[in-house]
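>>> heads up, no residue letters with this:
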Ligand code: IPE
Ligand code: IPE
Ligand code: MG
Ligand code: MG
């Protein structure tokens, strides 16, 4: 029942966010192809968790939900910008159950479609300043933090690339993995909570609490993404399963598995890791090995710890419906199947 209420609340929020985004990327805008390519993933779906975090963080500190809507749209635009470019980097053919932007329009158009989403995000965020209840200083601070977060994501994606393949030859530390996922994923969750609470008029202590909440659910979120990336049902997930293995990606699951494997187990994993075509049987075999080695439960346990820390961080906030939804969202992050 609780989960249904949460999903319903996310859906209600996403209607408003999508409406705002649609007006930023109108059908009539030219060149038609560029705008169609920019809208493609957004129209295909997605969970809309980041804009929901912006809105609930705003409400949780006593802010006005309608004033923060442009900021909610802005983080979803940034998210989609990173996804369009990420799918080029990761050579993935589908996401949200549809072909990726570069598969349909080609890499050059996908690059500029991403750039357009990036700039529209800042255009959206700055519109918060139009609302009388929001001080311009707070909008500037939110924009500064968003810009910083986007730089952090770029650093994280560069780290993702440099750690890929490295596991084959040498050990990658857990610290390096944490830095990578903090930067590529948790930073956007974190800044979503910060933006919402800053624009909502939160105190420094409240902004810090929500910032820590966002960071922790972001870390847990990426750990689950790594687990789903090998174990999920592809139709439910909407994106390729086994792609991290194919691309030789560095995940905590792999770090744990390779440092605990016997030489024959290691050889069996290495046969598939980085292989351009992985069969269903090969994937099954590796998942079985990862399970036998306890690598999946190891990562899931760590993710649970971050969810607990996230919930603890926001315990200082006054009781409210928004706070309850944020608590539920923290649990959803590690129980999700998509
Ligand atoms: C995918 O994020 C990218 C990661 C950070 C793992 P989501 O799983 O939130 O993607 P959508 O928006 O629901 O498609
Ligand atoms: C997630 O990248 C982070 C960004 C997109 C910035 P991943 O490559 O791990 O995520 P998915 O699995 O493609 O969604
Ligand atoms: Mg990637
Ligand atoms: Mg990817």
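The structure has been received and is ready for your questions. The structure displayed is predicted, hence computed values, not measured ones. Ligands and ions are numbered 1, 2, ... in the order given.
>>> OK, now which residue of the stretch 201-338 of the chain is nearest to ligand 3?
Relative to ligand 3, the nearest point of the stretch 201-338 of the chain is residue 249 (7.2 Å; CB to the ion). Just so you know, the C-beta spots here come from the backbone N, C-alpha and C atoms, and that holds for glycine as well.
>>> can you confirm that residue is in a helix?
No - assigned with DSSP: H, G, I helix; E, B strand; the rest coil, residue 249 falls outside any helix and is coil.
>>> what's the neighbour count on it?
22 (other CB atoms under 10 Å).
>>> got it, and residue 64?
Count around residue 64 with other CB under 10 Å applied: 16.
>>> Got the phi and psi for it?
phi -100, psi 120 (degrees, to the nearest 10).
>>> Wait, it touches residue 58, no?
Yes - counting by CB atoms under 8 Å, residue 58 is a contact partner of residue 64 at 7.3 Å.
>>> Give me the common contacts of these two.
residue 200 (CB atoms under 8 Å, 6 or more residues apart in numbering).
>>> Enumerate every residue touching the residue of the stretch 201-338 of the chain closest to ligand 3.
Counting by CB under 8 Å, 6+ apart, residue 249 touches 90, 160, 163-164, 243.
>>> Same check on residue 37?
Counting by CB under 8 Å, 6+ apart, residue 37 makes contact with 101, 104-105, 109-110, 113.
>>> Can you check my assumption that it lies in a helix?
Yes - counting by three-state DSSP, residue 37 falls inside a helix.
>>> For it, give its distance to ligand 3.
Plainly put, residue 37 is 19 Å away from ligand 3 if you go by CB to the ion, to the nearest Å.
>>> Skipping adjacent residues, who's closest to that residue in space?
residue 113 (3.8 Å; CB to CB, 6 or more residues apart in numbering).
>>> quick one: which helix or strand includes the one you found?
helix 107-126 (DSSP states H and E).
>>> The residue nearest to residue 37: neighbour count?
Neighbours of residue 113 under the rule other CB under 10 Å: 27.
>>> Then residue 231?
If we define neighbours as other CB under 10 Å, then residue 231 has 16 of them.
>>> wait, doesn't it sit right on residue 287?
Yes - using CB under 8 Å, residue 231 makes contact with residue 287 at a distance of 6.1 Å.
>>> buried set for stretch 249-269?
Within stretch 249-269, the residues that count as buried by 16 or more other CB atoms under 10 Å are 249-258, 261, 265-266, 268-269.
>>> Endpoints of it, how far apart?
13 Å (CA to CA, to the nearest Å).
>>> Check the offset of that stretch from the chain's centre.
25 Å (CA atoms, centre = their mean, to the nearest Å).
>>> per-residue confidence averaged over it?
Mean per-residue pLDDT for stretch 249-269: 96.
>>> Neighbour count says what about the contacts of residue 37? Which are buried?
101, 105, 109-110, 113.
>>> Run a quick neighbour tally on residue 270.
14.
>>> wait, isn't it in contact with residue 167?
No - contact between residue 270 and residue 167 fails when scored by CB under 8 Å: they sit 9.5 Å apart.
>>> Just the pLDDT at the nearest residue to residue 127 once chain neighbours are set aside, thanks.
Nearest residue to residue 127 in three dimensions, chain neighbours excluded: residue 70, at 4.1 Å (CB to CB, 6+ apart). For residue 70, the pLDDT comes out at 98.
>>> Might you report the residue contacts of residue 70?
Listed by CB under 8 Å, 6+ apart, the contact set of residue 70 reads 20, 124-128.
>>> how about 7 Å then?
20, 124-125, 127-128 (CB atoms under 7 Å, 6 or more residues apart in numbering).
>>> try residue 95
41, 83, 87, 238-239.
>>> at 8 Å instead, please
Counted by CB under 8 Å, 6+ apart, residue 95 has contacts 41, 44, 83, 87, 238-239.
>>> Okay, and which of those residues map to helices?
41, 44, 83, 87 (DSSP state H).
>>> now, among those residues, which is nearest to residue 322?
residue 83 (26.6 Å; CB to CB).
>>> ok, the closest one touching residue 41?
Yes - counting by CB under 8 Å, residue 83 does reach residue 41; the two are 6.0 Å apart.
>>> And the contacts of the lowest-mean-pLDDT helix or strand in the chain?
Every helix and strand in the chain was compared by mean pLDDT, DSSP states H and E; the lowest is helix 166-169, with a mean of 87. Here helix 166-169 makes contact (CB under 8 Å, 6+ apart) with 172, 248, 250, 254-255, 258, 270, 273-274.
>>> quick one: buried residues of the next helix or strand after it?
Counting by DSSP H and E, the next helix or strand C-terminal to helix 166-169 is helix 174-181. Across helix 174-181, burial judged by 16+ other CB under 10 Å covers 177-178, 180-181.
>>> Any part of helix 174-181 near ligand 3?
No - for helix 174-181, no contact with ligand 3 is found by CB under 5 Å from the ion; the gap never falls below 10.0 Å.
>>> How about that helix and ligand 4, touching?
No - Helix 174-181 lies out of reach of ligand 4 by CB under 5 Å from the ion, never closer than 12.4 Å.
>>> Excluding chain neighbours, what is closest to residue 229?
Distances taken as CB to CB, 6+ apart place residue 244 nearest to residue 229, at 4.8 Å, with adjacent residues excluded.
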